[in-house]
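Visitor: After the sequence you'll find the predicted model.
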Amino acid sequence: MAGASMGLVSLGAVSTAQAADPAPAAAAVPATLGEVIVTAQKRSQNIQSVGAAITALGKDTLAAVGRQDVTALSNLVPNLEVNQYSPTVTVFNIRGVSQNDFTDAQEAPIAFYEDEVYVSSLGAISGMNFDLDRIEVLRGPQGTLFGRNATGGLVQFMSARPTNSLSGYVTATVGSYDQFATEGAISGPLTDSIRARLSFTTNNADGYIKNTMGPKIGNSASFALRQQFDITLSPRDTLVLKAQVLRNDHERDAGLYSWAAAAPNAQGLGVFVGPGQNPFDSCNGCDPFGYRNASGSPFVQSENRTPYFDRTYVGVTARYEHRFDFATLTSITDYQHLTKGYGEDSDSSPNPVFAYDTHQHFYQASEELRLAGETPRMHWIVGLYGLNIHSDNAYQIDATQILGFKNNYGGTLITDSAALFGQTEYALNDQFSLITGLRYSYDHKHLEYTDVTNGVEDFNYATTYPQLADKRFEEFSNWSGKLELDYKPNRNVLVYLSANRGTKAGGFSTLSGGPFAEAAVAAIPFRQEVLTNYEGGFKLTLFDRTTHLNASVFDYVYDGYQAFTNVGLSQVVHNYDASDKGFELEVNTRPLPGLYMSAFLTVLDTKISHVVTPVGAVINPEMPQAPKTSVGVSARYQFPLGPGDAAIGTDWKYDSRQFLEAWNAPVDYEPARTIGNLRLSYAPAGGHIEGALFINNVSDVRYRVYNLDLSGLLGIVNQTYARPRTFGGSLTYRF
């Protein structure tokens, strides 16, 4: 959120979490890098002993860097980009793999999990990042154990669990744009066998985009509650119950666009209109409707419509575990319900050209049942997974006053999915281990869809083309797998080679506005995608456990890469072949008492093959939001000062130039950038109180996180800029 960022110590947070979390207020600073335990393979392991590219941010790291903002993960994790175009859509991009389709019913190729539960709705993610025990980011296909759509990797939030003794904390943050935010928890035993934890967060802030025709845009008005019970039923049986509510209350946090005029070039791809250009015969530098933003600032707009965003999310989870003598049985049952309303001024101008609204009612139920055990030489796990998603989606385009049409479209998408999976890790000898895994998945999808223009139904998926009505029902089945060889000559060295195959089911594009030609309707379903990753790497613990040096090299082969493009009024997903190669290097160290330093380097080379532009030209663009080079450096120094401890942390991240959409249009080009953050903190002796000051985006760099080329439709682009420089302070009390 606006006030404080997890990116304040960037790689210091990442690598420290991989080793030893920075201590909370006034605690002793460790001299070495300790262990961080992750559950990337559905069991607890030291992150340095897992043959995969994983980053984990522990609870002490999250506490040390202040209030959490999910988009700040981009600064903390190599080859990860996180963008929220508004709270309605959160998109994770790992190693260039993502899908930027903003329609409500789509699932992403980067899976999001909370407490081992898959969350399919992109609109449910924002607001869950509070009172966390850790965040795990797994890069590369996770098709065996996390098989649901984890072709490019996954992000998992793990909530802080109830404790055996009374404890808690509360944090208050004030910051730019009149922000006032809180976060806290109280935890402890209710009886000898029941422990409970109640967590909360709130965030209220004024908008950071000035609207000359109405109230500021981009404000926040949200809260969340989470209640957990950890129950010991018997020495062999435990039950964890969790319920949480997220609420956004009529925020003006929708359509956070900066106006810019654009016209299609010879390939049908958008090019910005210069101040002296008049391609629409309206006026120099103007859009087709005669408007030009005279402010020159992305944070000063003139919109005739006030945007809105309302959301209520409820989730309930039951995790039951029974320990047999030979294995452990785990059952995870989950139900989620989301309702939301969203409205924006899509033309970002004073003219009543184009208003866009969406409303969604979403239900999800899932069950995972797994059995895991071990022998002296083998770890094994088998499981079953079932999922039902019901999503009612209604969209409206109101272009009545100038363009002369009003379009209402949408319908219901029902997804039923089932999977069977298993994985083993077998010790061939004291140094070599072989990991094998296999997962079979089946999806059945059913779409009912209509389109109504100016009150007249012009398309019904079930009746318009009877010969295509069966395409409302699609089935997808495929297998995912893992083959890995680990070499551990000693406890400080791991070398691994692996081949992983991940799959993502196909789905349906969102066709709207017509004309609904038979060929276009036949192309509404898109195919599943398959990603095969060949990867090798090493993890080294050096210099008396004061330094970690990790590296990996990977080669992705894509079959049916699902690429999103906006075509007229339609949101279309096409399948293409694609390739993605890269290299990652991470180092983190504690060279001196109290000093933590970290750095990473990532290199990407991506290509989507034979992409067809709006005018039929064939191009081979890069994957969107996939900078060829990223470099991060950070440092954090904690030292005694008076009757307590002070700390200063800073981090800087460089991203080379990139493109923001799959077509790589000229308007999609985003120049290289370097972003830095700073945090100062002080904790008096005793460890109960900590105060902090922070600055995010120290250099006030203006850069875009989203772009939608509407040059052929409205003569503009929808572009969203990251927040400008923000600053503030926080006060935390722990007990």
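Guide: Noted; the coordinates are in hand. Residues are numbered from 1 along each chain as shown.

Visitor: from here on, contacts and neighbour counts on C-alpha atoms
Guide: Will do.

Visitor: Just give the number of residues close to Ser417.
Guide: 20 (other Cα atoms under 10 Å).

Visitor: bridging residues for it?
Guide: Leu387, Asp443 (DSSP bridges).

Visitor: Show me where this structure has its helices.
Guide: Counting by DSSP state H, the chain has helices at residues 10-19, 59-65, 518-522.

Visitor: so where is the stretch 101-250 of the chain shaky, pLDDT-wise?
Guide: The model of the stretch 101-250 of the chain has no residue with pLDDT under 70.

Visitor: go again using 90 as the cut-off
Guide: Counting by pLDDT under 90, the stretch 101-250 of the chain shows low-confidence ranges at 101-106, 122-127, 142-143, 146-150, 220, 249-250.

Visitor: Tell me where the stretch 251-400 of the chain has strands.
Guide: In the stretch 251-400 of the chain, the segments counted as strands under DSSP state E, counting those that start in this stretch are 262-264, 270-272, 300-301, 308-323, 328-345, 355-374, 378-399.

Visitor: where among the helices of the chain is the average confidence lowest?
Guide: For the helices of the chain, mean pLDDT drops lowest on helix 10-19, to a mean of 36.

Visitor: Could you verify my assumption that Cys286 touches Gly276?
Guide: No: here Cys286 does not reach Gly276: they are 9.3 Å apart, not a contact under Cα atoms under 8 Å.

Visitor: neighbour-wise, which of the two wins?
Guide: Cys286 (25 against 10).

Visitor: wait, what's in contact with that one?
Guide: Contacts for Cys286 were tallied using Cα atoms under 8 Å, 6 or more residues apart in numbering; they are Ala261, Val273, Pro275, Asn278, Phe280, Arg292.

Visitor: which of those has the most neighbours?
Guide: Of those, with other Cα under 10 Å as the count, Ala261 tops at 28 neighbours.

Visitor: Now do the nearest residue to it once chain neighbours are set aside: how many residues are near it, please.
Guide: Among residues not flanking Ala261 along the chain, Ile716 sits closest, at 4.2 Å (Cα to Cα, 6 or more residues apart in numbering). Ile716: 28 surrounding residues under other Cα under 10 Å.

Visitor: doesn't Asp709 make contact with Ile716?
Guide: Yes: between Ile716 and Asp709 there is a contact under Cα under 8 Å: 7.1 Å.

Visitor: Highest mean neighbour count out of the strands of the stretch 251-400 of the chain?
Guide: Relative to the other members of those, strand 262-264 carries the highest mean neighbour count by mean count of other Cα atoms under 10 Å, namely a mean of 26.

Visitor: partners of that one in the sheet?
Guide: strand 270-272 (antiparallel).

Visitor: wait, doesn't Leu403 sit right on Val353?
Guide: Yes: with contact defined as Cα under 8 Å, Leu403 counts as touching Val353 (6.8 Å).

Visitor: Number of residues surrounding Ile37?
Guide: 18.

Visitor: Report the beta-bridge partners for it.
Guide: Beta-bridge partners of Ile37, as defined by DSSP bridges: Asn46.

Visitor: Show the contacting residues for it.
Guide: Going by Cα under 8 Å, 6+ apart, the list of residues near Ile37 reads Ser44, Gln45, Asn46, Ile47.

Visitor: chain center to stretch 141-155: distance?
Guide: 14 Å (Cα atoms, centre = their mean, to the nearest Å).

Visitor: Based on its surroundings, how many neighbours for Leu225?
Guide: Leu225 has 21 nearby residues by other Cα under 10 Å.

Visitor: Who does it form a beta bridge with?
Guide: Phe200, Val245.

Visitor: shouldn't it be in contact with Gln244?
Guide: Yes: taking Cα under 8 Å as the definition, Leu225 is a contact partner of Gln244 at 5.4 Å.

Visitor: circling back to that earlier point, specify which residue of Leu403 and Val353 has the higher count of neighbours.
Guide: Val353 (20 against 12).

Visitor: ok, of the contacts of Cys286, which one's closest to Glu321?
Guide: Ranked by distance to Glu321 (Cα to Cα), these are led by Ala261 at 57.6 Å.

Visitor: Next, find the distance separating that closest one from Gln142.
Guide: Distance, Ala261 to Gln142, by Cα to Cα, to the nearest Å: 41 Å.

Visitor: ok, now Leu246?
Guide: 28 Å.

Visitor: Among those two, which residue is more densely surrounded?
Guide: Gln142 (28 against 24).

Visitor: count of residues packed around the closest residue to that one other than its chain neighbours?
Guide: What sits nearest to Gln142 in space, not counting adjacent residues and going by Cα to Cα, 6+ apart, is Ala150, at 5.4 Å. Neighbourhood size, Ala150 [other Cα under 10 Å]: 26.

Visitor: do Gln45 as well
Guide: For Gln45, using other Cα under 10 Å, the count is 15.

Visitor: Quick one: closest of the strands of the stretch 251-400 of the chain to Leu592.
Guide: strand 378-399 (38.6 Å).

Visitor: any idea of the angle the closest one forms with strand 328-345?
Guide: Angle of strand 378-399 versus strand 328-345, following axes from the mean of the first three to the mean of the last three Cα atoms, to 10 degrees, is 20 degrees.

Visitor: Return the list of helices and strands in contact with strand 378-399.
Guide: If you count contacts as 3 or more Cα pairs under 8 Å, 6 or more residues apart in numbering; DSSP states H and E, strand 378-399 packs onto strand 355-374, strand 405-427.

Visitor: and those as TSV, adding distance to Gln467 and mean pLDDT?
Guide: Converted to TSV, the helices and strands packed on strand 378-399 look like this (distance: least, Cα to Cα, whole Å; pLDDT from 0 to 100):
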stretch	distance to Gln467	mean pLDDT
strand 355-374	29	97
strand 405-427	20	96
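
Visitor: Relative to Trp652, which of the ones you listed is closest?
Guide: Across those, closest to Trp652 is strand 355-374 (Cα to Cα), at 37.0 Å.

Visitor: coming back round to it: beta-bridge partners for the residue nearest to Ala261, please?
Guide: With DSSP bridges as the rule, Ile716 is bridged to Ala261, Leu710.

Visitor: again, but for the one 4 residues further on
Guide: In this entry, Thr720 is beta-bridged to Tyr706, by DSSP bridges.

Visitor: what's the spacing between it and Ser222?
Guide: For Thr720 relative to Ser222 (Cα to Cα), the value is 21 Å.

Visitor: I'd say Phe92 and Ser98 touch.
Guide: Yes: in terms of Cα under 8 Å, Phe92 counts as a neighbour of Ser98; the distance is 6.5 Å.

Visitor: Looking at the two, which is more packed in?
Guide: Phe92 (29 against 25).

Visitor: Grab the nearest non-local neighbour of the more buried one.
Guide: Using Cα to Cα, 6+ apart, the closest residue to Phe92 is Val82 (4.7 Å).

Visitor: To what extent is that neighbour buried, counted in neighbours?
Guide: 18.

Visitor: contacting residues for it?
Guide: Per Cα under 8 Å, 6+ apart, neighbours of Val82: Val70, Thr71, Ala72, Leu73, Ser74, Thr90, Val91, Phe92, Asn93.
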